[in-house]
Structure formats: C-alpha cells, structure tokens
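Student: fold the following.
(one chain, ligands or ions: 1)
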Amino acid sequence: MIEAVNVSKQFDKIKAVDQITATIREGNVFGLVGTNGAGKSTFLRMLSGILKPDSGSIKIDGMDVYENIKAKELFFYISDDQYFFSNATPKDLKTYYQIAYSGFDGGRFDNLMKQFELDQHRKINTFSKGMKKQVSIICGICANTKYIFCDETFDGLDPVMRQAVKSIFAKEITERNMTPVIASHNLRELEDICDHVGLLHKGGILFSKDLFDMKLSIHKVQCVFQNEVDINQVFENIELLKTEKRGSLYTITARGTSEEITKRIAMSNPVFSEVLPLTLEEIFISETEVVGYDIKKLIL
Ligand SMILES: Nc1ncnc2c1ncn2[C@@H]1O[C@H](COP(=O)(O)OP(=O)(O)OP(=O)(O)O)[C@@H](O)[C@H]1O
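Tutor: Have a look, this model is predicted:
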C-alpha cells in the first residue's frame, strides 16, 4: 500500500502540490487526473523519491521512499520526459535494468520487443516519441515490480498501441496484482482502466473516489408524470444533484442506487421512467459542480 499524508511541495512561490493525502491499495489502478500544471508530475516524482516533499510523508509498504533503495525496488517509474543514456539501445537498457531490478524478465523483454516490432539493436535516440514510450513501458512491465508509476504514459501512443498496452496492464494486474498509478490530463483515457480516480487542481485533491462505488451510487433518471408533480417530494430522501425539465420530461442526476431510485419513482406512477448509469465524465461533472467547479473548463 502507498500512503501519502499531507504532502506538499513548493518551487519558489509556486505551490506545486498542496497538502495531498491519498491511499493507493494493492491491485487497484489509481488514476490521477488534472489540467496542465495541476501537480501530477510533481506528486509522482515525490512518490518515486526523486523529489523530497517539503512537508508530509510518503510511505511505500510502510517505508519512506526518499533515498531508500529498498522502497525504490518496489516500483518502476515511467517519466513524462523520456530520458535515455546517449547512444543506448534497448538491449543496453535491458542489461541496465537487469542489474537494477532483480526480478527483471529478460525473456519477456525479448518477446515484447518482437511483439511491438522494435529493433533491440537500434539506438533509442533514433526512435519516434511513441516508440520511445513503448520501450519504457516494456522495461516497466518486465521489471516485474509491485507498483508502476506512469506519467502521461498513454499519450503519444497510437490507438492500437494504446489498446495493446492497456491489455498488457490488465493481464499484469490480474495475474500478479501489479498496482499502477497513472497520471493523465484526459479523464476518458483513464475510464476503462482505473479503479480509483483522484482529481488534482492547483496542487490539491479536489475529489478522490472509487469508480465502482461512484457508478453504483449516482444515476441519471429520465421520467414523465401524468400530472404536475413536486419533484422534491417524488424523490424524498434522495439527493438530487441536477434537475432539468423539457416539456413534461424530467432529466435528473440523483445520488442513490438504481433500486432506490426506481422504487421512489414507482410510488408516483410515472407514464415513463428510465434509470441510467452515468459515464465517468458525467459523474465528474456532477460531483465537481456540487463543490462549485466547472470541470468542463478543467479537463474535458
Ligand atoms: N522543477 C521545477 N521548478 C519550478 N517549478 C516547477 C518545477 N516542477 C514543476 N513546477 C511547477 O509546479 C507546478 C506543477 O507542475 P507539474 O509538472 O507537477 O504539473 P502537471 O500536472 O504534471 O502538469 P502537465 O500535465 O503539464 O505535465 C507548475 O506550476 C510547474 O510550473
């Protein structure tokens, strides 16, 4: 488990990360979403022990991470800016990581390089941006670490490659409980892979929830009633996040399970009613509107 408690980091007058508290559980995929400059990379660099927090603590499996080799053996960090030793080939990287990570799987590395059609003997600085990302991802997978930290890792991959990488991640998560922390400025990118998403804004966490719980506990309802109704009475004891009425059709975003909402509407004998799940994007719009933010201006 990774535990960050009240972590802050400031660069001169800029508060890059401001009092972040987050728990990342094993086997979960933790997504960190936010605008440019929200503090995602700074947070990941502190998780990786590259930067020391000004205050607060970060513990990986109970160990402080900064300047702690034992803790650093537990994760692989794929940075947003790709850095490779000059003139290095993927084969050189393999040799390097085999020394750094005792569990590095050289055979798997060879197979994945073949599968991704990357030449192990070519200099990495002659690869395209997307190819460099692929090399880093393959190294990260083959390092066989418990955690993998990905900073905008899916950016720069074409859609086919993105899907291929996502399915490799899914396999690692099911087969060996790998725990990825993925930073992205694109919520849609995270929707089909993350279990938990934290929304970062100006260095702070605005919102952090399990997607499964979120999807179960918030719904969109469309309904029509024969006569005029008091909609607050119809949905008594159910929190309504948004209510719209066009003609006789109500479109409502409500907090509650599908069963709770359906039961409440049925009591008012609707002419028509339908309870639908929300997309992650819609959930984020509703939840951030409640706390006074227009997320469409932030990340969509
Ligand atoms: N080394 C540094 N020196 C000075 N300021 C920095 C440094 N690193 C980050 N910052 C500042 O901290 C803030 C957060 O930056 P960070 O790179 O963490 O954001 P981000 O959410 O990863 O953004 P992006 O999506 O653009 O990568 C920004 O205002 C940035 O200018």
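Student: every contact and neighbour count from this point should use C-alpha atoms.
Tutor: Will do.
Student: what's the distance between the closest residue to L112 other than its chain neighbours and the ligand?
Tutor: Once flanking residues are discounted, L112 sits nearest to I138: 6.7 Å by Cα to Cα, 6 or more residues apart in numbering. Note on I138: its distance to the ligand, by Cα to the nearest ligand atom, to the nearest Å, is 22 Å.
Student: over to E189?
Tutor: Per Cα to the nearest ligand atom, E189 is found 14 Å from the ligand.
Student: which residues touch the residue of the stretch 101-250 of the chain found nearest the ligand?
Tutor: Taking Cα to the nearest ligand atom as the measure, the stretch 101-250 of the chain has H185 as its residue closest to the ligand, at 5.8 Å. For H185, the contacting residues are 33-36, 152, 299, by Cα atoms under 8 Å, 6 or more residues apart in numbering.
Student: now swap in E239 and tell me
Tutor: The contact partners of E239, by Cα under 8 Å, 6+ apart, come to 254-256.
Student: that older thread, save the contacts of H185 as TSV, and put in neighbour count, pLDDT and distance to P53 too.
Tutor: Below are the contacts of H185 laid out as TSV (neighbours: other Cα atoms under 10 Å; pLDDT from 0 to 100; distance: Cα to Cα, whole Å):
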residue	neighbour count	pLDDT	distance to P53
V33	28	88	20
G34	27	84	20
T35	19	78	21
N36	14	81	20
E152	22	90	21
I299	19	59	26
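Student: run the chain-centre distance for the biggest helix by length in the chain.
Tutor: Counting residues, the longest helix in the chain under DSSP state H turns out to be helix 159-176. With Cα atoms, centre = their mean, to the nearest Å as the basis, helix 159-176 stands 14 Å off its chain's centre.
Student: over to stretch 142-160?
Tutor: 12 Å.
Student: which of the residues in that stretch are buried?
Tutor: Using 16 or more other Cα atoms under 10 Å as the test for burial, stretch 142-160 gives 142-157.
Student: again with stretch 111-122
Tutor: 112-113, 118, 120.
Student: now for these: which two are most distant?
Tutor: Greatest spatial distance in these: L112 and Q120, 10.6 Å, computed using Cα to Cα.
Student: near the ligand, which residues of the protein?
Tutor: Contacts of the chain with the ligand, taken as Cα under 6 Å from any ligand atom, map to 11, 16, 34-42, 185.
Student: where does the protein have low pLDDT?
Tutor: Within the chain, the ranges that satisfy pLDDT under 70 run 291, 295-300.
Student: care to break it down by domain?
Tutor: For the chain, automatic domain parsing gives the domain ranges 2-202, 213-298.
Student: how far does the longest one stretch from start to finish?
Tutor: One end of domain 2-202 sits 22 Å from the other (Cα to Cα, to the nearest Å).
Student: ok, back up a step: please identify the deepest-packed of the domains of the chain.
Tutor: Compared across the domains of the chain, domain 2-202 shows the largest average neighbour count, a mean of 18 (mean count of other Cα atoms under 10 Å).
Student: leaving out chain neighbours, which residue sits closest to L32?
Tutor: A183 (4.5 Å).
Student: what pairs with the helix or strand hosting the one you found, and is each one parallel or antiparallel?
Tutor: According to DSSP states H and E, A183 maps onto strand 179-184. Under the criterion DSSP bridges, strand 179-184 sits next to strand 30-34 (parallel), strand 147-151 (parallel) in its sheet.
Student: tabulate these (a markdown table), appending distance to D105.
Tutor: Output for the strands paired with strand 179-184, formatted as a markdown table (distance: least, Cα to Cα, whole Å):
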| stretch | distance to D105 |
| --- | --- |
| strand 30-34 | 25 |
| strand 147-151 | 15 |
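Student: relative to E274, which of those is closest?
Tutor: Evaluated with Cα to Cα, the strands paired with strand 179-184 place strand 30-34 nearest to E274, the distance being 30.5 Å.
Student: that closest one: what's the following helix or strand?
Tutor: helix 40-47.
Student: quick one: that following helix to strand 179-184, angle?
Tutor: Angle between the axes of helix 40-47 and strand 179-184 is 150 degrees (criterion: axes from the mean of the first three to the mean of the last three Cα atoms, to 10 degrees).
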